[in-house]
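Asks: Give the three-dimensional model of this entry:
(chains A, B, C and D)
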Protein chains: 4
Amino acid sequence: MPRMKAAIFVEPGRIVLDEKPIPDVGPTDALLRVTTTTICGTDIHILKGEYPVAPRLTIGHEPVGVIEKLGNAVSGYAEGQRVIAGAITPSGHSAACLCGCLSQDGAGTKHGFKAIGGWKFGNTIDGCQAEYVLVPDAMANLAPVPDGLTDEQVLMCPDIMSTGFSGAESGNVRIGDTVAVFAQGPIGLCATAGAKLSGATTIIGVDALPERMAVARQLGADHTIDFRSVDPVAEIMRLTDGRGVDVAIEALGTQATFESALRVLRPGGTLSSLGVYSSDLTIPLGAFGAGLADLKIVTTLCPGGKERMRRLMSVIASGRIDLKPLVTHRYKLDDIEAAYDLFGHQRDGVLKVAITP
Amino acid sequence: MPRMKAAIFVEPGRIVLDEKPIPDVGPTDALLRVTTTTICGTDIHILKGEYPVAPRLTIGHEPVGVIEKLGNAVSGYAEGQRVIAGAITPSGHSAACLCGCLSQDGAGTKHGFKAIGGWKFGNTIDGCQAEYVLVPDAMANLAPVPDGLTDEQVLMCPDIMSTGFSGAESGNVRIGDTVAVFAQGPIGLCATAGAKLSGATTIIGVDALPERMAVARQLGADHTIDFRSVDPVAEIMRLTDGRGVDVAIEALGTQATFESALRVLRPGGTLSSLGVYSSDLTIPLGAFGAGLADLKIVTTLCPGGKERMRRLMSVIASGRIDLKPLVTHRYKLDDIEAAYDLFGHQRDGVLKVAITP
Amino acid sequence: MPRMKAAIFVEPGRIVLDEKPIPDVGPTDALLRVTTTTICGTDIHILKGEYPVAPRLTIGHEPVGVIEKLGNAVSGYAEGQRVIAGAITPSGHSAACLCGCLSQDGAGTKHGFKAIGGWKFGNTIDGCQAEYVLVPDAMANLAPVPDGLTDEQVLMCPDIMSTGFSGAESGNVRIGDTVAVFAQGPIGLCATAGAKLSGATTIIGVDALPERMAVARQLGADHTIDFRSVDPVAEIMRLTDGRGVDVAIEALGTQATFESALRVLRPGGTLSSLGVYSSDLTIPLGAFGAGLADLKIVTTLCPGGKERMRRLMSVIASGRIDLKPLVTHRYKLDDIEAAYDLFGHQRDGVLKVAITP
Amino acid sequence: MPRMKAAIFVEPGRIVLDEKPIPDVGPTDALLRVTTTTICGTDIHILKGEYPVAPRLTIGHEPVGVIEKLGNAVSGYAEGQRVIAGAITPSGHSAACLCGCLSQDGAGTKHGFKAIGGWKFGNTIDGCQAEYVLVPDAMANLAPVPDGLTDEQVLMCPDIMSTGFSGAESGNVRIGDTVAVFAQGPIGLCATAGAKLSGATTIIGVDALPERMAVARQLGADHTIDFRSVDPVAEIMRLTDGRGVDVAIEALGTQATFESALRVLRPGGTLSSLGVYSSDLTIPLGAFGAGLADLKIVTTLCPGGKERMRRLMSVIASGRIDLKPLVTHRYKLDDIEAAYDLFGHQRDGVLKVAITP
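Replies: Numbering: from 1, shown residues only, chains lettered A, B, ... in the order given. Next up, the predicted model:
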């Protein structure tokens, strides 16, 4: 049985490069030879043991690759084709998928806790920080990369761009809206870009790192606020003449950002939440208008599926936005442990790291 | 200057019947002679001093009456016409109104607290527990009562029915949905009726009072759960075969009901919140799927305006639902202090009290 | 190779019962033993040669049956299970499916003509007026029938009920709406029921056959208009006090009904079209407000997929509506030619015919 | 009684500058001193007698001006303030307004013809090609011009920009969409800009005039098609690899453009129609998928009201788009007859003409 290199979770604190068998291909699967992948903030949660996965699971959910082998029930693709697949891999045939909830494929509620069913790569099945990755439900998930786009150009599509844009989409950002985006990490930067693409005319980015705020301004932020030197709530109310924002996007996953997002909303506004939270949240009574302010709070898990990927790649191909500034570092798969070290400690102004097997 | 009787707030614990001048009519106002009105749970919050209003304000926001006098800029109505006005009286010309947010007329965010701008009667201007009430922006708010409908038949339209139905509407209840409604007071009962009218095929009402659960079953509940004898979350998960509900409506305004509503949602579901809360709320991490479950939380303030009222009266006129069981007691305006006493202490199975000047 | 009986199209004017091989089961297919099916108006178009299909194709797209055999990539079902499948069988993995357009699976535009891709049974693959039928993409399409529901109770779900309800759903019928439904055949009757389930408070059914109008009143019509004795446009304007309707549902597929539906719309209203047209349509300038009346025209092809079927069966199980009056006649598969004769000539007050192999 | 100059309709073929009394100000009105206005294609229809208005009506519906006098029931504004008002002036208090249909204020259906109720300026009341104009329902309609924006910068907001953008908005253009815009006159150019602001990544503009196609490319068109040299339907299908477009915007008002827009739609797509038609329209059967292609046709009348105007001016202020290229010519009010002559004959590459009293 042929073997491959893969970044596997061993125990909290340890993700290592090791060998595993190249997986068998079931009837509806496709095997990809990974050409480029990356590390996500969620992978750092896994590394730290904050998000539990099975020992020896291969990590990673952002694959760019080439079709190596197709299952016998898969048609419409050719071996050798360059493709991506989303971080979330909808089956297409679950009840959730068929009622339009593509990311909640197989999800459920157990003991009052909602399971994250749609996220499979590097969570419930082996991921793509490896030489090969098996893509389930291949016909719903493989999206051919248009000629002329490089691996790095489409590397943000599987997760960062899809998630970030969904912040603007689920928030229903419209032409003329005022939008605040809390945190300008890779997801927040893509939320900023998504708000601009959706027609927002005043976009306010909140962060503390100057290099991130500089990228935010490139991608569409009209104003950036350093929350270490200014109270972002007061500043946003000032910038909006006391009106508040139409949509506030939370892109970090903390009480502070969630709460500030709620405070700056105008009555009738929408808080679009993207963050992965690690503790209970508090809704302050006043910011919530005691329940009478016609507010909406919406959460979105990264939209996946081949059609979503096709659309995101069309955004890149159109030149409407340029996400290349997000890829700040490059590593070989052999050096992935060093990449985890750099990315996990947010050193050297890192935004995203390209990994090439 | 002619005078009239009115129920006025004196201080926490005291709402009394007293005399006030009959108000002058400005160019865009209408003066109604009140024929029937009622007491709302919010009025009890005012009575208890939990919701502050100005001393000597007339209380009450649910008027049925006859047009006594019209402002000189008001057309399309005749003196003597029977009308109702909603509890929330949109001007029609505010920025909020013009972007579809009719209930947030004049609302704003101050110091991170959202003001309740759209609710005027018995909040920022004199209300309708009186012989006469002045309706602002009359052309946007006066809705003629169709012949053949009695005062009591339309008495729920201004607030209870409009608010309760909005729980189903804002939750986007669709044909075939499973809906849980937490609390079966007057608002929750109307939410139950609204869910049925919207096509929900499994409606689960939660309360503890047998007489309310009996009315709930009349109005559309397929199941009722007494939360004192059964854990409602576990029972709803059982009734839905572990799937959870598509929409959960909160109709009380407490942490317990808000939290249970969140726990029973399926991934991708919507919590539609109607309650007036009196303290901060906690979102439990697991019930929130750590932010990754594609959930929505929406809040709605009672929709008002003459077109809303026309539509609600058309529901009554159609015979689709019968809200007469909600009016359990009747008092003269002269006896309104006794009515407050009964209603405030929830004695004698009271749901709603009709007050006739 | 074992053989089965099937109703096949031979040439315009001839659908006959003949023998065919029982089909082989591919990896993602399921073979159903059909227990009950029916004939649709579209089948009559095929019979008459108005809608072309391949010679020797098995006709029929409304199956109730028992799982005989599952493909090797199909999980989550058991042989012997009672199921239905929708008339439209989405794959779940097409671009159309993944962007929420489940009925347009594989559809496309060729030479300016839009192909009907999502409808496969009895159109592009063998249908279910046979002893056995092969269901493609079984995991997206097989919906288990709840215990306690008979074949006849769920027989309308695959097409008539799904299509009819979609008239109200796509038209976005809301609580308090006034709705006109043009034609009260099986689809129109289900549109009437769907409008009622969606909260319409004035429903006006238009037809000419007294027995259909009687069923319309049972299913929710508040008024019925016999278009042979009254001008339906004038009568609807009269019934709505000159206001027009919020939503008009076209359920026949003719210029006359399409045009009347447009004429009775209020400014800002929606024409929800369900009919299968057989010639170009004319939009009268005045009824269209010269393009300035904020009108919408929406068309819907029968929604399919297992989740849709589950929801529709939940409507039946809830007792909210009773579609049993639609099944007026019963035939053995052996006598299907007689059934076609009766149904095609609309004799004997026929609405729908149950066929049992 | 003081008098003013105004461009009035005399008879088909004759709009002349004449004198009229400066209007009296009612309680809810405002009188504007017009500082800049323009001529619309609709005014040319009036000039030609194709759209009937009352003799001696003042024409024009695109005012920029200064508040001269406020009605006694108007608050929140000051005399001397620079403002605009939309071409459509919603009252805010009509049933149409209160159900979100702001442009259909007072509209109705008579004899099957839908009246255009929301458009008042230069249609049912005196317009703004004059020294002064009376704005009805001033509190709903007066939008202060932000400091720093010139009259010409906001001159497109009242009609052209609001209408053009609504083509993208009503068509629900989303990130990644492919959009075709038929005709690149002022409205079509703004529809092109609106599609870009809404995130469309492939925008195809169709026209024949090279200077208009050049402006289209500046405002967002990725491709332009000269319909005189290429069949636009075939070319659009080629550019989209046979997929068709998600949204087609009609911006002219002819059978040819309406029909082509329908032909290039993908199944499930939306035709967003802005044109003012002057004859019945034909829907070709094939392009309509016989009613089974899940298509939508939506029409939109120019959205008005002060909040809409505020939002559009925020787009200009943000610098997201620059509509200055649309103003190609400038005239004094005294020379408006010459301006009509130039604009009506589309001479000298005219797009829009600024008129200053």
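Asks: Over to the residue in the stretch 251-357 of chain A positioned nearest to chain D. Which of the three states is it?
Replies: When scored by CB to the nearest CB, the stretch 251-357 of chain A has residue A:311 as its residue closest to chain D, at 3.1 Å. In this view, the C-beta of every residue, glycine as well, is placed from N, C-alpha and C. At residue A:311 the chain is in helix, as set by DSSP: H, G, I helix; E, B strand; the rest coil.
Asks: Spit out the contact partners of it.
Replies: D:175-176, D:201 (CB atoms under 8 Å, 6 or more residues apart in numbering or on different chains).
Asks: lowest average confidence, helix or strand, in chain A?
Replies: Least confident helix or strand of chain A, by mean pLDDT, DSSP states H and E, is strand A:109-110 with a mean of 54.
Asks: what does the stretch 201-350 of chain A have sitting close to chain D?
Replies: Residues of the stretch 201-350 of chain A lying close to chain D (CB under 8 Å from any CB of the partner chain) are A:201-202, A:222, A:310-312, A:314-315, A:317-318, A:320.
Asks: For PyMOL, write a command that selects the buried ones of those.
Replies: Remark: buried members of those, expressed as a PyMOL selection using 16 or more other CB atoms under 10 Å in any protein chain shown:
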select buried, chain A and resi 201+202+222+310+311+312+314+315+317+318+320
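Asks: Just name the closest of the residues of the stretch 201-350 of chain A next to chain D to residue A:139, please.
Replies: residue A:310 (13.5 Å; CB to CB).
Asks: coming back round to it: which of the residues of the stretch 201-350 of chain A next to chain D fall within helices?
Replies: A:310-312, A:314-315, A:317-318 (DSSP state H).
Asks: Export those as a markdown table, with columns for distance to residue A:332 and pLDDT.
Replies: What follows is those, written out as a markdown table (distance: CB to CB, whole Å; pLDDT from 0 to 100):
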| residue | distance to residue A:332 | pLDDT |
| --- | --- | --- |
| A:310 | 29 | 98 |
| A:311 | 31 | 97 |
| A:312 | 26 | 98 |
| A:314 | 30 | 97 |
| A:315 | 29 | 98 |
| A:317 | 28 | 97 |
| A:318 | 31 | 96 |
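Asks: mind exporting stretch A:148-156 as PDB, just the C-alpha atoms?
Replies: Written as PDB, here are the backbone C-alpha positions of stretch A:148-156 (Å, rounded to 0.1, in the frame of the first residue of the first chain):
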ATOM      1  CA  GLY A 148      -4.700  31.600 -15.900                       C
ATOM      2  CA  LEU A 149      -5.200  31.500 -12.100                       C
ATOM      3  CA  THR A 150      -2.300  30.300 -10.000                       C
ATOM      4  CA  ASP A 151      -2.600  28.000  -7.000                       C
ATOM      5  CA  GLU A 152      -1.900  30.900  -4.700                       C
ATOM      6  CA  GLN A 153      -4.600  33.100  -6.300                       C
ATOM      7  CA  VAL A 154      -7.300  30.500  -5.500                       C
ATOM      8  CA  LEU A 155      -5.900  29.400  -2.200                       C
ATOM      9  CA  MET A 156      -8.200  31.700  -0.200                       C
END
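Asks: Could I get the pLDDT score of the residue nearest to residue A:307 when sequence neighbours are not counted?
Replies: Excluding the flanking residues, the one nearest residue A:307 by CB to CB, 6 or more residues apart in numbering or on different chains is residue C:98, at 3.9 Å. Here the pLDDT value assigned to residue C:98 is 92.
Asks: So what does residue C:98 have for phi and psi?
Replies: phi -70, psi -10 (degrees, to the nearest 10).
Asks: Compute the number of surrounding residues for it.
Replies: 26 (other CB atoms under 10 Å in any protein chain shown).
Asks: thought it was touching residue A:305?
Replies: Yes - if you go by CB atoms under 8 Å, residue C:98 and residue A:305 touch, sitting 4.2 Å apart.
Asks: list residues touching both of those two?
Replies: Joint contacts of residue C:98 and residue A:305 (CB under 8 Å, 6+ apart) are A:90, A:92, A:102, A:140.
Asks: ok, the second one - contacts?
Replies: By CB under 8 Å, 6+ apart, the contact set of residue A:92 is A:137, A:139-140, A:305, C:91-93, C:97-98, C:140.
Asks: Let's verify residue A:204: helix, strand, or coil?
Replies: Classified using three-state DSSP, residue A:204 is strand.
Asks: For it, name its beta-bridge partners.
Replies: For residue A:204, the beta-bridge partners are residue A:180, residue A:223 (DSSP bridges).
Asks: close enough to count as contact, it and residue A:225?
Replies: Yes - taking CB under 8 Å as the definition, residue A:204 is a contact partner of residue A:225 at 6.4 Å.
Asks: what is in contact with these two at once?
Replies: With CB under 8 Å, 6+ apart, residue A:204 and residue A:225 have common neighbours residue A:236.
Asks: Up against chain C, what does the stretch 251-357 of chain A have?
Replies: A:305-308, A:310.
Asks: Which residues belonging to the helix or strand where residue A:341 lies are considered buried?
Replies: Secondary-structure element containing residue A:341, defined by DSSP states H and E: helix A:336-344. For helix A:336-344, the neighbour count (16+ other CB under 10 Å) marks A:336, A:339-340, A:342-344 as buried.
Asks: How far off centre is the very next helix or strand once past that helix?
Replies: As assigned by DSSP H and E, the chain's next helix or strand after helix A:336-344 is strand A:352-356. A distance of 15 Å separates the centroid of the chain from that of strand A:352-356, by CA atoms, centre = their mean, to the nearest Å.
Asks: got it, and stretch A:158-172?
Replies: On CA atoms, centre = their mean, the centre of stretch A:158-172 falls 8 Å from that of its chain.
Asks: now stretch A:78-88
Replies: For stretch A:78-88, the distance to the chain centre is 18 Å (CA atoms, centre = their mean).
Asks: same question, stretch A:244-253
Replies: 16 Å.
Asks: quick one: that stretch near chain B?
Replies: Yes - using CB under 8 Å from any CB, stretch A:244-253 reaches chain B at A:244, A:253.
Asks: what about dumping the CA coordinates of that stretch to CSV?
Replies: What follows is stretch A:244-253, C-alpha atoms only, in CSV (Å, rounded to 0.1, in the frame of the first residue of the first chain):
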residue,chain,number,x,y,z
GLY,A,244,-24.8,53.5,14.1
VAL,A,245,-24.0,51.0,11.4
ASP,A,246,-26.4,49.0,9.3
VAL,A,247,-24.3,45.8,9.6
ALA,A,248,-21.6,44.9,12.0
ILE,A,249,-19.4,41.9,11.2
GLU,A,250,-17.7,39.9,14.0
ALA,A,251,-14.6,38.2,12.7
LEU,A,252,-12.7,37.0,15.8
GLY,A,253,-14.8,35.1,18.2
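Asks: ok, what's across the strand from the residue lying closest to residue A:295 once chain neighbours are set aside?
Replies: Spatially, and ignoring its direct neighbours in sequence, residue A:295 is nearest to residue B:299 (5.2 Å; CB to CB, 6+ apart). Per DSSP bridges, the residues bridged to residue B:299 are residue B:273.
Asks: Looks like residue B:299 contacts residue A:287 (just checking).
Replies: No - Residue B:299 is beyond contact range of residue A:287, at 11.8 Å (criterion: CB under 8 Å).
Asks: So which of the shared contacts of residue C:98 and residue A:305 sit within helices?
Replies: For the shared contacts of residue C:98 and residue A:305, secondary structure assignment (DSSP H) places residue A:140 in helices.
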